[in-house]
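>>> Fold the following for me, if possible:
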Amino acid sequence: MPHRTAPDGHAAAGAATARAEDAGVLARQITAALTATGHTVAVAESLTAGRLATVLADAPGAGPVFLGGIVAYATETKSTLLGVDPELLADTGPVHPDVAAWMAHGVRKATGATYGLATTGVAGPAPQDGRPPGTVFVAVAGPDGSRTAAPPLSGSEPQTVRAGTVRAALQLLHDTLRPGS
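You can find the predicted model right below:
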């Protein structure tokens with residue numbers, strides 16, 4: 001798929017670079033917080049298709065704290081690999097906050113990680129199951145339960161939606177690890 005840029009060729013590229021740098025900063029802060037507490041994280045990704053894992057793995061010192069991830073792009077894979085309730089998937093479809101929470105719990109259980117972090121949504125450019133592009137849910141599951149968020153993303157450019165989703169997932173984990181910061 002061709003990459004679209006702003007008419008001047010710089011604004012869109014600059015915004016994407018800023019989001020990537022911001023995600024990298026969050027990943028480094030998360031790695032430091034996990035290292036300090038002896039905790040670990042694993043990811044379950046749908047629409048982000050491995051991008052969240054890449055950002056976490058790229059953080060210096062990630063080796064001991066980032067256990068890995070499962071990319072469950074297909075709806076059935078969410079059930080078979082992550083243990084998402086098939087009835088929930090049939091009732092709500094794969095883009096739902098409860099599905100994100102199940103995914104986070106599932107990857108946590110599958111890997112033995114302290115925290116599971118999950119993404120599900122519609123990257124675009126077309127709607128999926130009646131949901132418009134930019135409809136996204138992220139979740140974190142840990143020793144104290146789970147939290148979900150629906151970050152306000154818009155647009156139908158898949159790269160933009162995916163980058164925003166990665167950042168939102170990292171922010172949710174960051175806020176869980178460092179409340180009030």
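>>> so the residue most central in space within the chain bridges to which residues?
Geometric centre of the chain, nearest residue: residue 119, 3.7 Å, by CA atoms, centre = their mean. Note on residue 119: beta-bridge partners by DSSP bridges are residue 45, residue 138.
>>> Would you enumerate the residues in contact with it?
Counting by CB atoms under 8 Å, 6 or more residues apart in numbering, residue 119 touches 43-48, 52, 100, 103, 136-138, 165-166, 169. From N, CA and C alone the C-beta is placed, and that goes for glycine too.
>>> if you set the cut-off to 10 Å instead, what comes out?
Under the criterion of CB atoms under 10 Å, 6 or more residues apart in numbering, the neighbours of residue 119 are 43-49, 51-52, 71, 100, 103-104, 136-139, 151, 162, 165-166, 168-169, 172.
>>> Let me know the distance separating it from residue 135.
12 Å (CB to CB, to the nearest Å).
>>> residues shared between the contacts of those two?
residue 47.
>>> OK, contacts around residue 100?
With CB under 10 Å, 6+ apart, residue 100 has these contacts: 44, 46, 78, 84, 94, 117-121, 136-141, 146-150, 169, 172.
>>> distance between the helix or strand encompassing it and the chain's centre?
Per DSSP states H and E, residue 100 falls inside helix 97-111. Centroid separation for helix 97-111 versus its chain: 11 Å, with CA atoms, centre = their mean, to the nearest Å.
>>> in it, what's buried?
97-108, 110-111 (16 or more other CB atoms under 10 Å).
>>> I'd like to know which of those residues is nearest to residue 31.
residue 111 (16.5 Å; CB to CB).
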